[in-house]
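> sequence? don't have it. structure:
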């Protein structure tokens, strides 16, 4: 059960204390407060865990500071929608808004290689108005004998260059909790010139110890990629590990599923699940076209498949794009063959804009239709199930 | 090897006879002529089969009537692109154009049930400017104890109603060659009021005897759906069975792949393969959002997943949409839960228009970019491989 | 609902007529008699279809000639076990017993090529006491440009050679109902020197028209192979198409599922489903190690993987083995690389014997244990669910 | 490149020092010594990494102490067979032999719950001559709200009871490197009454940080389970992470693959890969029938599917069985429905013995056949590729 408090509830107020006092006396119930500081207001939610079946919604709505009560199922307890369309599906981080209602592009290097390449990438991003990027320092590789990333040694210059070119958030994969410390230290040491979104890759989707550790920290938001070979439900449950430890700022990432049914693409593109995740949970949804497609093949119109699947994700409402670029793809240490070039960056961004605009027109159409039709209005409500 | 003749070559001319004469003298080579009558001109291609390695392109281009020569690989011999972007990717049928360059919507009944429902469907289509539909008379079902369709008994009234409401092409599944005869007979008997596109379902994708039989007739074009559990390459090879028997008017249909990785959708939506099929072959590509999704679930914006995946197919260049509608979904005999209602038809068509327009803007963008950039121009060419 | 009649019920007796008379008067009920002539006795079952919910088991057991009544669910109506362990799981064909209780080996040519190879194969089988074989005359191939089998032209000599070497049953794939006629004609023409088990391959598992046609004839038993990309339940439902048309003599074949998870084997070996099919249905179960493995790779002990997976099928109770041999694998027209040699035949048969003996010892152990333990007896009963 | 030294090479001898001296002077080559202390002798191997292409086998075989030289490919560098059938495929741990040539049964509790259940399990094992078991203290669960295991708090009593009943090796899953320390501490604290084989589960197969950490310690051997959704090759590469860090004592575990194609089993049983892993690598192979099958369903003979798939693994040469038992399955906290009872333990062990005996007879048959037949001898050799 979740108690949604009136916005900007003062945690020093007597009403708030009275509320906590009351909750602490409930038998077999533990409570946990989650506060989200947005641009406009502070939202507080109190999670009640334990024998909540004995509580009534009416009773809890009568408590001080409580605006609304949502009864949740065990599944996706924190991140789920639970048939309630009014709870927040967005968060702010380092000045950037992440939500089910907007779109951020994270174009960048799959793997950091040289300061020169990092700088050329950052500069191109700034020139085209971008404030987010991807930069891989820790690279989990199938074979132990492959290049494993430059690790913490490259962090200082990556962060400094990000600051120099106005990059506010870098998506960066981590594979062990010690790396989170290394990132925090390097940010500290360089004067916090930028922010980091911790990325958990498909090989670690069910590395629950890593999820718990990353979930316990509140500093960095997390991008969790869907796992290979497991169901969508299991991957969403993995996201819940992050949230159950306290970190609700989670973006869910689609990157294709490994099966020969997806050939000739590297993975079977799964962006049709964008609306599913938005229906089931409050997480913004990211798509990774580069790793899904894995090549620079193009359709007969000259549009690369990477462009096509990006457009597919965006027209269905994707909120974030993680895409590989490289100043000199032939010199990339990891996944060069799929990387886009810096010359293609404005073209890619324009293609994304076309698809996003189409998505927005589609949403407006749905609203017009819902306003005139009963059938759909019902269907729309049912969608929150 | 394919000899592409000059348009409107006269088969009665001495040059043409001279060409055939020459070909008949080539050792270990058989030839087969394929003629496609379009709105503008008649295209003729001569397929040379056998020991073509000994022939040179130059030599063959020197023969009378020959405009151009394409050397093909064994794979997708007839339907493949073979790095040649100039061969036809379109055909006309009963006044409707099918090609890689346009889009047709086939909204209709998954299974024909009553004349009243068929009429309401047809009427709604006409009201919204549609000239194509889907109507299932023969329904292959997983269990022998399920409803199997009304078969030939419903054909006369379906065809007559189609004629009454200006429907020019009905996509209709067939599962045995005898059904093609039944369709031809019923069309004959009712005075050919409409046309039929034979649809081969996913359970029969590798029913090669059916493919050969349907490939041998030239009257009806064919929609071949991708098979479950086999690779895309194997499904395209199945299409080649149709073409190798002489019927080149083939549309390739995507309808999702059966695997639990696609849950909660009924099938794993595979519309990311739209550009792949257009790159590898000259077939127009159809998407079937209804059977892929299998439900009326909607995203939080109120847009049904069926709408979302349709938009995904279209923005990547799909050329045909096969989608289930029903006047009273609760009374549908097959797949009612996923059917759209007649009230949703204009809304669906408008949603499709938005996605198609976005696709066209993307193509125009690609052309502008290709005109200014060398990298992409090269990539575009490579795409034809 | 199934009425199991007392063995050797005389269809000319007054009691039997009285039974049929009574059944014909039941409202909304159709009945269908199935008779199986075994070595010992004739078994008759009457299937009641329609509104059977209104009938009681007691009432029907009181009718003349009725020994026992089984209420069946719609799923696997004819072939299912329906919690009844006493109905027949076996049939005789041309002097060979096929059942869930024994094991037949069908070693032979994947594709018939020359009379000489057929004869060498048959001769080797006779030398090692075999009376069954496999011989492919109709070969469905992924590409239309591959060899498609010699078809009806090879049938006469194949049948004659079978007769010469005492082969009683040949498993032979068919892909169209016309081929059943060709086989019947060729058998007739050559004086019925052998028998044929019609094999329906994985590409046609859901070719329901073929299943219905083959199900309507009672002359030949059928081996139905599991389909690619569909669930086991769907494949068993396909078998039910055969039975619902009247042909109950069906063997169910496992041959691996196509997915990259099975690499480096050609298919993902699924012989763990042997006990599942025997639990759910009354069909004998066949395993096809050659197409599952697809190579001659061997383990470090020198045992080929084809041998290993065969042993795995047999030790779990498989009832039939379909395995590719060839006198000169390098000259085989189809699937040569996986074929075993004639020199390996006695070795293979001995390996099978070891596994079968182990299976029989395991069954005896289970019986001893069940006799002394209550837990297991319950579990054993539950198994029939 | 691997230099295999003469057995019992004295690391203090002048020859050995001369060898190391020589190697240290090779340009661009690093070397690493691996020593395995067996019951009979000490085996030493020197791994040369770097620019080994410039070295010749002859040159290296001429160095002091070197008995034999194996040139390895990058894939599976340490654990692979590399066409050399003479290198060790076995190791000793706490008095128990693990190798590709024998079979150990690890029956036990999926999750430790109470001391009483642990004791009853251990006692039953001792009564039936078993010295290995499985005991889960750390349980990764799909949902964060499920029971996660008793962790380090249960370790002392588990180890003490193991010692009391003569258990020498406990397979125990770990999900974080800190747990290895907890296990080491608890063993230390209780006086090392038993040994532990660290188990890495399918969710962590590609948790490379955990693999590296576990690979760096030499105290405990490791059981690595195959990962979901990735190819067999990728899972074997994950094993190589352990070996590349220095721990070669790795057992590879099969436990089924998650796909609906395996229904009604929980996972698609993959024990046909037993000979593949033994052919490609030097690792002993473990099968986990409990998690593959996931139920207590039985075939019509009364044999549980868990028994059947175990027998399938063993008859193909499996070297270790991990199987769930519980004194009171209905009270098990995790996976109770699939657990076997203590009454079934002797019956299970006898069933395993039958299958193992069949395997041994098959190996003897293969040797007899190889001795008389040239074809197979060649095939056998090819198997080492």
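Noted; the coordinates are in hand. If you're wondering where the values come from, they're calculated on a predicted model, not measured in any experiment.

> For the stretch 1-150 of chain A, which residues are neighbours of chain B?
A:81, A:85, A:89, A:100 (Cβ under 8 Å from any Cβ of the partner chain). (Each C-beta comes from the backbone N, C-alpha and C, glycine too.)

> count of residues packed around the last one?
Yep, that's residue A:100 we're talking about. Each residue near residue A:100 was counted by other Cβ atoms under 10 Å in any protein chain shown, and the total is 20.

> I'd assumed residue A:318 was in contact with it.
No. Counting by Cβ atoms under 8 Å, residue A:318 is not a contact partner of residue A:100; they are 9.9 Å apart.

> picking that back up, just among the residues of the stretch 1-150 of chain A next to chain B, which is most surrounded?
Sorting the residues of the stretch 1-150 of chain A next to chain B by how many neighbours each has (other Cβ under 10 Å) puts residue A:81 first, at 22 neighbours.

> Give me the phi and psi angles of that residue.
Phi and psi for residue A:81, reported as degrees, to the nearest 10, are phi -90, psi -30.

> Equivalent analysis for residue A:233, please.
Backbone torsions for residue A:233, taken as degrees, to the nearest 10, come to phi -60, psi -40.

> and the closest residue to it other than its chain neighbours, what does it touch?
Once flanking residues are discounted, residue A:233 sits nearest to residue B:263: 7.1 Å by Cβ to Cβ, 6 or more residues apart in numbering or on different chains. Residues in contact with residue B:263 (Cβ atoms under 8 Å, 6 or more residues apart in numbering or on different chains) are A:231, A:232, A:233.

> how close does residue B:263 get to residue D:294?
18 Å (Cβ to Cβ, to the nearest Å).

> For chain A, which helix or strand comes out least confident on mean pLDDT?
Within chain A, confidence by mean pLDDT, DSSP states H and E is lowest for helix A:374-382 among all helices and strands, at a mean of 42.

> and the residue in the stretch 201-350 of chain A that chain C sits nearest to, what is it in contact with?
Of all residues in the stretch 201-350 of chain A, residue A:260 sits closest to chain C, at 4.1 Å by Cβ to the nearest Cβ. For residue A:260, the contact set (Cβ under 8 Å, 6+ apart) comprises B:231, C:258, C:259, C:260.

> Next, count neighbours for the residue of the stretch 201-350 of chain A found nearest chain D.
Distance from chain D to each residue of the stretch 201-350 of chain A (Cβ to the nearest Cβ) is smallest for residue A:229, at 1.6 Å. Residue A:229 has 22 neighbours, counted by other Cβ under 10 Å.

> Hmm, it is touching residue A:258, no?
Yes. Using Cβ under 8 Å, residue A:229 is in contact with residue A:258, at 7.0 Å.

> quick one: common contacting residues for these two?
Common contact partners of residue A:229 and residue A:258 (Cβ under 8 Å, 6+ apart): D:229, D:230.

> so what's residue A:258 up against?
Contacts of residue A:258 by Cβ under 8 Å, 6+ apart are A:228, A:229, A:267, A:268, C:260, D:229, D:230, D:231.

> quick one on the thing from earlier: mutual contacts of residue A:100 and residue A:318, please.
Here residue A:100 and residue A:318 have residue A:285 as joint contacts, going by Cβ under 8 Å, 6+ apart.

> Check the secondary structure at the residue nearest the centre of chain A for me.
The centroid of chain A falls nearest to residue A:251 when counting by Cα atoms, centre = their mean (1.5 Å). Of the three states, residue A:251 takes strand under DSSP: H, G, I helix; E, B strand; the rest coil.

> surely it meets residue A:226?
No. Contact status for residue A:251 versus residue A:226: not in contact, 11.6 Å apart, counting by Cβ under 8 Å.

> Grab the nearest non-local neighbour of residue A:43.
Spatially, and ignoring its direct neighbours in sequence, residue A:43 is nearest to residue A:36 (4.7 Å; Cβ to Cβ, 6+ apart).

> quick one: strands adjacent to the helix or strand containing that neighbour?
Per DSSP states H and E, residue A:36 falls inside strand A:29-37. For strand A:29-37, the paired strands and their directions (DSSP bridges) are strand A:42-50 (antiparallel).

> Go through the helix or strand just after the partner strand and flag the buried ones.
Moving toward the C-terminus from strand A:42-50, the first helix or strand encountered (DSSP H and E) is helix A:57-61. Within helix A:57-61, the residues that count as buried by 16 or more other Cβ atoms under 10 Å in any protein chain shown are residue A:60.

> what ranges of the stretch 101-250 of chain A fall below the confidence cut-off?
Applying pLDDT under 70 to the stretch 101-250 of chain A picks out no residues at all.

> at 90 what do you get?
A:140-148, A:229, A:244, A:246 (pLDDT under 90).

> Residue A:147: how many residues sit nearby?
12.
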